[in-house]
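Q: need the 3D shape of this:
(one chain, ligands or ions: 1)
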Amino acid sequence: MAPKVAIVYYSMYGHIKTLAEAEAKGIREAGGQVDLYQLPETLPTEVLEKMHAPAKDAAVPTLDDPQKLLEYDAFLFGIPTRYGNFPGQWKAFWDKTGGIWQTGGFWGKFAGLFVGSATMGGGQESTALAAMSTLTHHGLIFVPLGYKTTFALLGDLSEVRGGSPWGAGTFSGGDGSRQPSAKELELATEQGRSFWGHVSKHNFA
Ligand SMILES: Cc1cc2nc3c(=O)[nH]c(=O)nc-3n(C[C@H](O)[C@H](O)[C@H](O)COP(=O)(O)O)c2cc1C
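A: Numbers count the residues shown, from 1 in each chain. Down below sits the predicted model:
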């Protein structure tokens, strides 16, 4: 049976959502299917207003119950950095997965990730590294982007570009005004393609 893949993201300003859509495009181009979910917001409306956060896209289902993910075989997680680590919204989600952790519900499933930061050196790689502890405790098998199909893109230093062999990434700039570039989107789409290429080789009963 073909794997069931979910892209799960949190996006305050839309950059990670745009990457999530590019990842989904790659999965579909490779012949796969994917469902997108966004994590619930944890900040009060008045704080979000002060942070100039736009309204969330109501067309993307909100993942209130982590048990929903037990229906899936593989995940791509979209993580905008906070000080080189998960944002609280992601942490709140993981903190709801204690029962799944104890019973090994995610054990042996596949996971990749993509990230966002304001600046270069702002935490893209450390965010990916920080996520390894959570993936490991859940027994999730990390599928990196790697270099196999991305060497030319990752080796191209002709312009500022987020992303690394850990996963696609985008820089939003200090004021959040920079949008994902064509090369960042290409990397995200390629990650979707190669992630599907990897997980679809496995047999999911
Ligand atoms: C509280 C807070 C902490 C942040 N910490 C960092 C940081 O340490 N380094 C960095 O480069 N960007 C940092 N950022 C910027 C976010 O990573 C950036 O806004 C996000 O990746 C954009 O993705 P989004 O539009 O999907 O929310 C921070 C943003 C907030 C709101």
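Q: quick one: furthest residue from the center of the chain?
A: No residue in the chain sits farther from the centre than residue 46, which is 26.5 Å out by CA atoms, centre = their mean.
Q: the helix or strand containing that residue near the ligand anywhere?
A: Per DSSP states H and E: residue 46 is located in helix 45-50. No: judged by CB under 6 Å from any ligand atom, helix 45-50 stays clear of the ligand, getting no closer than 10.3 Å. For every residue, glycine as well, the C-beta is placed using N, CA and C.
Q: what residues does that helix touch?
A: Contacting residues not belonging to helix 45-50 are listed as 12, 41 [CB atoms under 8 Å, 6 or more residues apart in numbering].
Q: same thing with stretch 113-126?
A: By CB under 8 Å, 6+ apart, the list of residues contacting stretch 113-126 reads 11, 15-16, 19-20, 23, 76-81, 83-85, 127-128, 131, 160, 162-164, 166-174, 176, 188, 191.
Q: among these, name the buried ones.
A: Buried by 16 or more other CB atoms under 10 Å: 11, 15-16, 19-20, 23, 76-81, 84-85, 127-128, 131, 162-164, 166-172, 188, 191, out of those.
Q: just checking: which of the residues you listed also lie near the ligand?
A: Counting by CB under 6 Å from any ligand atom, 11, 15, 16, 80, 81, 84, 172 from the buried ones among the contacts of stretch 113-126 sit close to the ligand.
Q: and what about the closest residue to the ligand within the chain, helix, strand or coil?
A: Going by CB to the nearest ligand atom, the ligand is nearest to residue 122 of the chain, at 1.9 Å. On the three-state scheme (DSSP: H, G, I helix; E, B strand; the rest coil), residue 122 is labelled coil.
Q: pLDDT at it, what is it?
A: Each residue has a pLDDT score; the one for residue 122 is 97.
Q: may I have the phi/psi pair for it?
A: When quoted as degrees, to the nearest 10, the phi and psi of residue 122 stand at phi -80, psi 0.
Q: okay, now it: neighbour count?
A: 18 (other CB atoms under 10 Å).
Q: go on, residue 192?
A: By other CB under 10 Å, the residues close to residue 192 number 30.
Q: helix or strand for it, which one?
A: helix 182-199.
Q: packing partners for that helix?
A: strand 5-9, helix 15-29, strand 74-80, strand 110-117, helix 151-155, strand 169-171 (3 or more CB pairs under 8 Å, 6 or more residues apart in numbering; DSSP states H and E).
Q: what residues sit buried inside that helix?
A: 183-199.
Q: residues contacting the spatially most central residue of the chain?
A: Nearest to the geometric centre of the chain sits residue 78, at 2.0 Å (CA atoms, centre = their mean). Taking CB under 8 Å, 6+ apart, we find residue 78 in contact with 7-11, 16-17, 19-20, 23, 113-116.
Q: with just CA atoms, put the helix holding residue 192 into CSV.
A: Below are the C-alpha coordinates for helix 182-199, written out as CSV (Å, rounded to 0.1, in the frame of the first residue of the first chain):
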residue,chain,number,x,y,z
ALA,A,182,12.8,30.6,-6.1
LYS,A,183,15.8,28.6,-5.1
GLU,A,184,14.4,28.0,-1.6
LEU,A,185,11.1,26.9,-3.1
GLU,A,186,12.9,24.6,-5.6
LEU,A,187,14.8,23.0,-2.6
ALA,A,188,11.5,22.5,-0.8
THR,A,189,9.9,20.9,-3.8
GLU,A,190,12.9,18.7,-4.3
GLN,A,191,12.6,17.6,-0.7
GLY,A,192,9.0,16.6,-1.2
ARG,A,193,10.0,14.6,-4.3
SER,A,194,12.9,12.8,-2.7
PHE,A,195,11.0,12.2,0.5
TRP,A,196,8.2,10.6,-1.4
GLY,A,197,10.8,8.6,-3.5
HIS,A,198,12.3,7.3,-0.3
VAL,A,199,9.2,6.4,1.7
